[in-house]
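Visitor: Give me a model of this one.
(one chain, ligands or ions: 1)
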Amino acid sequence: MTYKEIAARELKPGLLQLDGISRTSVEAHYRLYQGYVSKRNEILGKLASVELAAANQVYSDLRALKVDLTFAIGGIKNHELYFEHLGGSGGDPTGAVGRLIQRDFGSTEAWRADLKATGIAGRGWAWTAYDWDERRLFNYIGDAQNTFPVWNATPLVALDVYEHAYFLDYQTDRGAYIDAFFANLDWNVVNGWVDAYRIPTD
Ligand SMILES: [Fe+2]
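Guide: Coordinates of the predicted model:
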């Protein structure tokens, strides 16, 4: 099995000047993301020479590496979404994503209330994603980097609710952090994804 090493994406300078999420918090958070990237590379390196004949469902190197690979890759993808779509001025969603949210949740307020509640109920993540089979948005819940995404859905908003995302700034007040998250969303970035993935809006 061959693989290519990947490098961590650079942190956008604007991420160090968020409204209500401190520079110290973002810098520490970015270091965690760098850790996911290096572990992904390390795991794929080890998988390149793993002994296939020793595969075993109770314990085997193959099993351990492949299970933890999903955690590392989830950590990469989740955080690349998270960092990329922060740095904006929040407010109501505009453009295509605004129309999708209006259509599938009834109103911006209903979407925001549902995502916030999903983030309070989750232990790691809440995502607004477009399900290509159901052809609609839904707010999914996650307990870790690798739980519980569903197949054939494209995440458009990724709300990190791990304590590392907010404890420094808000201690245990996750709700206040979620409000700050909404206030820093960049809807232009999200609309860029809707466009790039050709998500139908009618
Ligand atoms: Fe995180």
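Visitor: Contacts only, for the closest residue to the ion within the chain.
Guide: Nearest residue of the chain to the ion (C-beta to the ion) works out as Asp160 at 4.2 Å. Just so you know, the C-beta spots here come from the backbone N, C-alpha and C atoms, and that holds for glycine as well. For Asp160, the contacting residues are His29, Asn78, His79, Tyr82, Gly124, Trp125, Phe181, by C-beta atoms under 8 Å, 6 or more residues apart in numbering.
Visitor: Go again with 7 Å.
Guide: The contact partners of Asp160, taken as C-beta atoms under 7 Å, 6 or more residues apart in numbering, are Asn78, Tyr82, Trp125.
Visitor: check contacts around the second one.
Guide: Under the criterion of C-beta under 7 Å, 6+ apart, the neighbours of Tyr82 are Ala158, Asp160.
Visitor: Buried residues, stretch 159-177. List them.
Guide: Leu159, Asp160, Val161, Tyr162, Ala165, Tyr166, Leu168, Asp169, Tyr170, Arg174, Tyr177 (16 or more other C-beta atoms under 10 Å).
Visitor: now stretch 14-29
Guide: So stretch 14-29, judged by 16+ other C-beta under 10 Å, has buried residues Leu15, Leu18, Ile21, Ser25, Val26, His29.
Visitor: For the strand or helix carrying Gly45, which outside residues touch it?
Guide: Element membership for Gly45, per DSSP states H and E: helix 23-47. Contact with helix 23-47 is made by 1, 3, 5-8, 11, 15-16, 18, 65, 68-69, 72-73, 75-76, 79, 164-165, 168-169, as judged by C-beta under 7 Å, 6+ apart.
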